[in-house]
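Peer 1: Pasting the sequence and the predicted model now:
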Amino acid sequence: MSLFKARDWWSTILGEKEEFDQGCLCVGDVDNSGSGQDKIIVGSYMGYLRIFNPHPVKPGDGVQPEDLLLEVQLREPILQVEVGKFVSGTEGLHLAVLHCRKLCVYAVSGTLGTVEHGNQYQIKLMYEHHLQRTACNMTYGPFGGVKGRDLICIQSMDGMLMLFEQESYAFGRFLPGFLLPGPLTYSSRTDSFITVSSCQQVESYKYQVLAFATDADERQETEQQKLSSGKRLAVDWVLNIGEQALDICVVSFNQAVSSVFVLGERNFFCLKDNGQIRFMKKLDYSPSCFIPYCSVKEGTINTLVGNHNKILNVYQDVTLKWATQLPHIPVSVKVANLQGLKGVIVTLSDDGHLQCSYLGTDPSVFQAPRVDSREINYEEFDAEMKKLQKSIKEATKTQDILPKAEKHRNVIVTAEISPDLDAESQAIDSEVKAEAVPSVTIKVTIQSRVTAQKPSLVVCVQAPLAVTCDQFFLDDLEPDASETVVLSVFLKGNCPPSELEGNCVVSYNTPTEFNPEGVLNVAQCNFRLPLRLVCFPAQPSKAANHKLTIDTNKPPISFLTIFPDFVDPSGDDQANALGFQFLTGSKTTLLASKTSQRYRIQSDQLEDLWLITKELILRLEEHFKKQNCKDFACTFSGSIPLQEYFELIDQHFELRLNAEKFQELLSERAVQFRAIERRLLTRFKDKTPAPLQHLDTLLEGTFREVIALADAAEENQANMFRALTKLKSATHLVIMLIVLWQKLSADQVAILEATFLPLAEDTQELGWEEAVDAAISYLLRTCLSKSSKEQALNLSSELCMPKDTSRLKKNITLFCDRLAKGGRLSLSSDSATQQAAVMPGGCTTIPESDLEERPVIPGYTAKFPSHKQVAKQKSKP
């Protein structure tokens, strides 16, 4: 912030919600009063034209009614206003107003008032020009060296310079290589127009060159050629400034040479008439406007530069002489003579803050108020300190890594699943090709014991399941208040889900004594969706490709008891056999043995066994829990279906390889498409037409290939998602079988799940195969290692997509083999060392080559010894 503020001499606010820009402000004796006093002319994008003649009684006074000489609303936005000799036959000053499609020249005159209300001013339209092209900006001057009058040059948005000799249109010329319009000015010393192109170059065009060139409107060309090429003009000189320009200005004072000033985004330049740099100044701020003016020192020029920090800097050539604070960000700045006061700085902001100011020398320095001395109450401070320390101690208790559940939670979230499916399905945009896609209603209740600010609820389910609405923003909850939200869940994707679980998360703020805005808290709950949401009852099937047998220690329970929602009570044959037909999968059959304590699950697809097996075990556990039976247990003594599991891995990996191929092909076709486009554009821009040589046919064919490849890549992405869902289901099944087979503890189950299900999403950068391979390799070299030599092996720190799945399948087979021979899962280094010491005595020696070179036999199904066999081997001498 500047030490000195700009002294407010006169200021006002223009209109309401009006917009202004660089060309909307100019100063001059527009009413030809002859007194040498300037008037302030302001135009706005809303079409308002205002003329002011400030004369405050004392500096800092606000606007008086008589200060506003004229206010009129024109029908079109005003882009720029200028004052000059624009009417033939007179050397009086007139006002030129530039609209988007029109140029108007007005005469401003005043009538001497006969009453106390003062003089009256009006404007009279002298002439106007309707433009064929949309205007951007304009400049004026004695083009061609004419005496006693000013001509006008308008730059259009498409790069055409339209020149007007007062009441008549002279000619129009296109700028070569034009892309976007830049600032434009006229130098009377060299009789040339100077602009800054979109190539970040300052370019100068002689008026004589423009005048003798072919008229753009008289050329016998098509409209497209007229807009694109035009006459190729010869540039007088070019200077590359390396940045876009905000404004350009030509100054010529008696004591200084003629100079061209260019304001860039980070620099401002002073150029000679021939384009050579006199000097440049690098700015450490973002400028918004500037204006050069006469300096009291001979041979130098002063420049006012406004910036977006509300600072107005005064430079003498490149030396900073003064910096003053403004109350707004200026978009235009002028220097005017008002009421006999020379050098008044007039600034205008984009929202209409117009101010006339001068550079003051009386700094407004802030002085801190005197603090009254008072005695310190140490007892009160000590009590407050103890209270704060107690609060900090309670807030920083970390007895465990995970926070303990509170006895009385502030916000309780419960999710109630409807026992029946919706009578009218709420499924939206489902891809399932079934006659009816069922949905189930979930009622989420939020109960608050305290004030809960800005509560929001998020309901999450695993794809391909979906909810009708997954996010809710609720009103603030008062203490002992509750809020209920109802939504529906349905199967959206065209494949069975890998999980039927979901969760509800509520985030809210609770205000505290030290933070009134509230501390962020989270409450959540889990829910399980019914099996009927993804499958329906069907006739049992005797034949199946995949079969599993689950052993229990209790007699088999009738399916009429544990699956009442899937059986028909009138059918006696459903007590021991039950069929499940998935909406998007195969049929799965559940059988209960009549003579032994076993259940068989069979299906044509391995992944479809998972949900039925899990549902069976959960319902059996719930049934025996109700019977107060605490020793119920399930075991698995069969073979782990690794070969079928490996087939699902290969299918998923093959789709990932296809995704990489599609990406490469798309990249190649896109490069080819852009190259053909460039050649076609070159042919179209050429002044001498040449045959296309079937480039248009090649472009159309390449475009069709790009679209076909994109469709194929999108279809492959959908297939890859379905393959990953099937792989997750099969992985859950394999994990469950390993847990039942080895009777793993809860900690070991958590490690097993983190190993085989490490990712929530599968991407090309990090896929399921490399993540699982790295996790299994780590376990094989730590807690499942045979010796310290294996523990010393370093793992690769970079995960990348493998060439094939052979290593992964070998490691999974070896992982199961190590578990079968007494290995136990653990993440601590001590237990890993003990495991390495115990394993050689508990199992047969495994060659080190098994880590890399163990073959996977086609058709192989892993069979591992049970706990009893391992115990017998240990007892042998």
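Peer 2: Nice, I can see it.
Peer 1: Quick one: mean pLDDT for stretch 295-306?
Peer 2: Computed over stretch 295-306, the mean pLDDT rounds to 84.
Peer 1: In it, which residues are buried?
Peer 2: Neighbour counts over stretch 295-306 (16 or more other CB atoms under 10 Å) mark S295, T300, I301, N302, T303, L304, V305, G306 as buried. Any C-beta I mention is one placed from the backbone N, CA and C, and that applies to glycine too.
Peer 1: do the same with stretch 501-514
Peer 2: Those would be G502, C504, V506, S507, Y508, N509, T510, for stretch 501-514 by 16+ other CB under 10 Å.
Peer 1: export the residues you listed to TSV and tack on pLDDT?
Peer 2: As requested, the buried residues of stretch 501-514 are exported to TSV (pLDDT from 0 to 100):
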residue	pLDDT
G502	91
C504	93
V506	92
S507	92
Y508	90
N509	88
T510	86
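Peer 1: would you turn the residues you listed into a markdown table with secondary structure?
Peer 2: Putting these into a markdown table (DSSP: H, G, I helix; E, B strand; the rest coil) gives the following:
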| residue | secondary structure |
| --- | --- |
| G502 | strand |
| C504 | strand |
| V506 | strand |
| S507 | strand |
| Y508 | strand |
| N509 | strand |
| T510 | strand |
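Peer 1: from these, which single one is nearest F673?
Peer 2: For the buried residues of stretch 501-514, the residue nearest F673 by CB to CB is G502; the value is 44.0 Å.
Peer 1: Give the closest residue to that closest one in space, chain neighbours not counted.
Peer 2: Leaving aside its chain neighbours, G502 sits nearest to V461 (4.1 Å; criterion: CB to CB, 6 or more residues apart in numbering).
Peer 1: Counting neighbours, what do you get for that neighbour?
Peer 2: Neighbour count for V461, taken as other CB atoms under 10 Å: 21.
Peer 1: and which of the buried residues of stretch 501-514 is nearest to K433?
Peer 2: G502 (24.2 Å).
Peer 1: isn't the closest one right next to V458, touching?
Peer 2: No. The pair G502 / V458 is not scored as a contact, 10.7 Å apart, by CB atoms under 8 Å.
Peer 1: Looking at the residue nearest to G502 now. What's its pLDDT?
Peer 2: For V461, the model assigns a pLDDT of 91.
Peer 1: how near is it to F756?
Peer 2: Counting by CB to CB, to the nearest Å, the separation of V461 from F756 is 21 Å.
Peer 1: what's across from G579 in the sheet?
Peer 2: Using DSSP bridges, the beta-bridge partners of G579 come out as A538, T589.
Peer 1: Is it correct that it is in contact with S586?
Peer 2: No. Counting by CB under 8 Å, G579 does not reach S586; the two are 10.9 Å apart.
Peer 1: For the two, list the residues in contact with both.
Peer 2: Shared contacts of G579 and S586 (CB atoms under 8 Å, 6 or more residues apart in numbering): none.
Peer 1: OK, contacts around S33?
Peer 2: Contacts of S33 (CB under 8 Å, 6+ apart): G110.
Peer 1: For it, what are phi and psi?
Peer 2: phi -70, psi -20 (degrees, to the nearest 10).
Peer 1: pLDDT at it, what is it?
Peer 2: On pLDDT, S33 comes in at 83.
Peer 1: And it, how far from G340?
Peer 2: Look at S33 and G340: by CB to CB, they are 13 Å apart.
Peer 1: Assign a three-state SS to N526, would you?
Peer 2: Applying three-state DSSP: N526 is strand.
Peer 1: Mark out where each domain of the protein begins and ends.
Peer 2: With domains defined by the TED database, the chain comprises 5-215+233-360, 411-531, 536-636, 642-820.
Peer 1: what about the last one, how long is it end to end?
Peer 2: So that's domain 642-820. 14 Å (CA to CA, to the nearest Å).
Peer 1: and if you look at the second one?
Peer 2: Distance across domain 411-531, first residue to last, is 30 Å (CA to CA).
Peer 1: what about it, distance to the chain center?
Peer 2: Centroid separation for domain 411-531 versus its chain: 26 Å, with CA atoms, centre = their mean, to the nearest Å.
Peer 1: who are the neighbours of whichever strand or helix holds L657, in terms of helices and strands?
Peer 2: Counting by DSSP states H and E, the element that carries L657 is helix 642-685. Packing partners of helix 642-685 (3 or more CB pairs under 8 Å, 6 or more residues apart in numbering; DSSP states H and E): helix 695-742, helix 768-781, helix 806-820.
Peer 1: Figure out which of those is closest to V567.
Peer 2: helix 695-742 (23.9 Å).
Peer 1: do you know how far P59 is from I345?
Peer 2: For P59, the distance to I345 - CB to CB - is 13 Å.
Peer 1: what sits in contact with each of these two?
Peer 2: Taking CB under 8 Å, 6+ apart as the contact rule, P59 and I345 both touch Y358.
Peer 1: In the strand or helix carrying E203, which residues are buried?
Peer 2: Secondary structure assigned from DSSP H and E places E203 in strand 201-206. Judged by neighbour count (16+ other CB under 10 Å), strand 201-206 contains these buried residues: Q201, V202, E203, S204, Y205, K206.
Peer 1: So which of these is the closest to M138?
Peer 2: Nearest to M138 among the buried residues of strand 201-206, counting by CB to CB, is Y205 at 15.5 Å.
Peer 1: Look up phi and psi at the nearest residue to that closest one once chain neighbours are set aside.
Peer 2: Once flanking residues are discounted, Y205 sits nearest to F193: 5.0 Å by CB to CB, 6+ apart. Backbone geometry at F193, expressed as degrees, to the nearest 10, gives phi -100, psi 140.
Peer 1: Surely F193 touches Y186?
Peer 2: Yes. If you go by CB under 8 Å, F193 and Y186 touch, sitting 5.7 Å apart.
Peer 1: ok, the two, which is more surrounded?
Peer 2: Applying other CB under 10 Å to F193 and Y186 shows that F193 carries more neighbours, namely 26 against 21.
Peer 1: Now do the more buried one against R656, distance only.
Peer 2: From F193 over to R656 (counting by CB to CB), the distance is 61 Å.
Peer 1: same thing with L779?
Peer 2: For L779, the distance to R656 - CB to CB - is 24 Å.
Peer 1: Comparing P59 and I345, which shows the higher neighbour count?
Peer 2: Remark: of P59 and I345, I345 carries more neighbours, 25 against 14, as counted by other CB under 10 Å.
Peer 1: any idea of the mean pLDDT for the helix or strand where that one lies?
Peer 2: Assigned by DSSP H and E, I345 falls within strand 341-349. The average pLDDT within strand 341-349 is 91.
Peer 1: does the nearest residue to Q276 once chain neighbours are set aside count as helix, strand or coil?
Peer 2: Of all residues not flanking Q276 in the chain, L239 sits nearest, at 8.0 Å (CB to CB, 6+ apart). On the three-state scheme (three-state DSSP), L239 is labelled strand.
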